[in-house]
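Participant: No letters, just coordinates:
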């Protein structure tokens, strides 16, 4: 892969409120390089995930009851600017992430990527020390816009 690739988060009707509070598109992304994945949503969420800690990657819709922004409980978190398709990362071993001003141990992260079917995101399942990537289906149809 070489140079880091940056992927945008998906934003919908909540783009402007999230931008006003510092969690908009200019401050939020997924960044992937050969060794790590960085996920950021403004001041509210930041995680650096070693590639070899990613046990599974799957295309998965955002949980609507969680809304938009940064939400979670315990070791399961969701970071999104809109409902609809996303990418779920299962981590083993868990990694440390920052949520607002606190640290959590992260085992599952759902991210609302703008293009969850992008091959660069699907390849996250490739462990750097062997193993193969799980098959990730193409984009999921957005339940709101079809």
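Facilitator: Great, that's in hand. On a predicted model such as this, the values are computed, not experimentally measured, just so you know.

Participant: and the closest residue in space to residue 100 that isn't next to it in sequence, how far is that from residue 2?
Facilitator: Distances taken as CB to CB, 6 or more residues apart in numbering place residue 44 nearest to residue 100, at 5.6 Å, with adjacent residues excluded. In short, each C-beta sits where N, CA and C put it, glycine included. Residue 44 sits 30 Å away from residue 2, going by CB to CB, to the nearest Å.

Participant: related to what we said a few turns ago, touching, the residue nearest to residue 100 and residue 23? I think so.
Facilitator: Yes: the criterion here is CB atoms under 8 Å, and residue 44 meets it with residue 23 at 5.4 Å.

Participant: Look at these two and report which has more neighbours.
Facilitator: residue 23 (25 against 20; other CB atoms under 10 Å).

Participant: Could you pull up the contacting residues of that one?
Facilitator: Residue 23 sits next to 41-44, 69-70, 81 when contact means CB atoms under 8 Å, 6 or more residues apart in numbering.

Participant: switch to 7 Å and redo it
Facilitator: By CB atoms under 7 Å, 6 or more residues apart in numbering, the contact set of residue 23 is 41-42, 44, 69.

Participant: Over to residue 45?
Facilitator: Shown in contact with residue 45 (CB under 7 Å, 6+ apart): 39, 70, 79, 97-99.
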